[in-house]
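Asks: structure for this input, please:
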Amino acid sequence: VNNPPSASVPTSVNVVEATGPSSLPNFASLVSTGPPNEAWQTPLFTVMTDAETPDMFDVSPAITPDGTLTYTLAPGAHGKATLTVMLRDDGGTALGGIDAAPGFPVVVAFKAYPL
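Replies: Residues are numbered from 1 along each chain as shown. Just a heads-up that it's a prediction; the model follows:
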């Protein structure tokens, strides 16, 4: 039976305006798909973005399975966005398994400051 995944995600992040793709390694830490017998599973993060400026991002924020936050700000963009982060794994729910992480969604205040 699948056990739920887990991770720790901060509730705020501040970045400086940058051009091109950006990443924050270890944004999500302690990423786990469950006990050792479930190590073959993949953690799947979903990030929904609600920016005060709709065109703030050229590439919307995403979190890789290793916990790295990736995004690309639009040229000259800065401001605030709310990121809603969900986490599940690909182990399924057969026989009462749980593929959604407890404690999620996590709401993250994302702030991009001008150079």
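
Asks: and Ala77, how many neighbours?
Replies: Residue neighbour count, defined by other CB atoms under 10 Å, stands at 18 for Ala77. Using the backbone N, CA and C atoms, a C-beta is placed for each residue, glycine as well.

Asks: name the SS class of it, please.
Replies: The three-state label given to Ala77 by DSSP: H, G, I helix; E, B strand; the rest coil is coil.

Asks: residues in contact with it?
Replies: Glu17, Thr53, Asp55, Met56, Phe57, Ala112 (CB atoms under 8 Å, 6 or more residues apart in numbering).

Asks: ignoring the adjacent residues along the chain, who's closest to the residue nearest the centre of the chain?
Replies: Centroid check for the chain by CA atoms, centre = their mean gives Ile63 as the closest residue, at 3.9 Å. Spatially, and ignoring its direct neighbours in sequence, Ile63 is nearest to Phe45 (3.7 Å; CB to CB, 6 or more residues apart in numbering).

Asks: which residues touch the one helix or strand that neighbour maps to?
Replies: Under DSSP states H and E, the secondary-structure element containing Phe45 is strand 43-51. The list of residues contacting strand 43-51 from outside it, by CB under 8 Å, 6+ apart, reads 5, 7, 28, 31-33, 57, 60-65, 79-90.
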